[in-house]
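# Kindly generate the corresponding structure for this input.
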Amino acid sequence: MTTAKLRALDAPTQSPIEGGRTGLSKEALKQAFLDNLFCMQGKFPALATRRDYYLALAYVVRDRLLQRWISTAAAYTKQGSRTVAYLSAKFLMGPHLGNNLINLGIYEWVKQAIAELGLDIEDLLQQEEEPGLGNGGGSSNSTFSCPVRCRTCCASCKGRSCHSNVSMRNSPCS
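Model prediction:
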């Protein structure tokens, strides 16, 4: 890929406030919710369950978080900055969807958009599972999604050993 094409991919071309997939207006959020219900969950309102509605809302939040994350990563890349990340699975993190709605500054807009569709935001937020309880073994046995090869990694693996093994049978995650 040429340098010009790579630069074109460096930053998002649309502001999240303008609309589109990551718009922040009430109407944009409502449309994104319905689009996710149909396109991601394969449901329309007459057949959707509370879980389907919850997941559609989670995808609305994910898209907006990803837009901000990509903008930040592009800015850091453009400046030549380095990023250091640390993941600790030694505490129970709790539910995130409601916090992310607040942190994005869209809680009230989403609440209104959801209400216009005849749904209750609190009912949807109650659908979120407690992520820290995983397999019931406490924080040392919490599970988290692993983006590399296996479906989940145990905390003792820390994402290293299961990815260095040719055979997943030797992994503590299998």
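# what about Asp35, distance to Ala75?
Asp35 is 28 Å from Ala75, where distance means Cβ to Cβ, to the nearest Å. Heads up, the C-betas are built off the backbone N, CA and C, glycines and all.
# Name the residue in the two with the higher neighbour count.
Under the neighbour definition other Cβ atoms under 10 Å, Asp35 and Ala75 were set side by side, and Asp35 has more, 15 against 12.
# show me what contacts Ile114?
Residues counted as contacts of Ile114 (Cβ atoms under 8 Å, 6 or more residues apart in numbering) are 30, 33, 57, 120-121, 124.
# same question but for Leu125, I mixed them up
Listed by Cβ under 8 Å, 6+ apart, the contact set of Leu125 reads 54, 95, 97-98.
# got these as TSV, with neighbour count and pLDDT columns?
Conversion of these to TSV gives the following (neighbours: other Cβ atoms under 10 Å; pLDDT from 0 to 100):
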residue	neighbour count	pLDDT
Tyr54	21	96
Pro95	15	81
Leu97	19	93
Gly98	17	93
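# From those, pick the one nearest Leu65.
Leu97 (10.8 Å; Cβ to Cβ).
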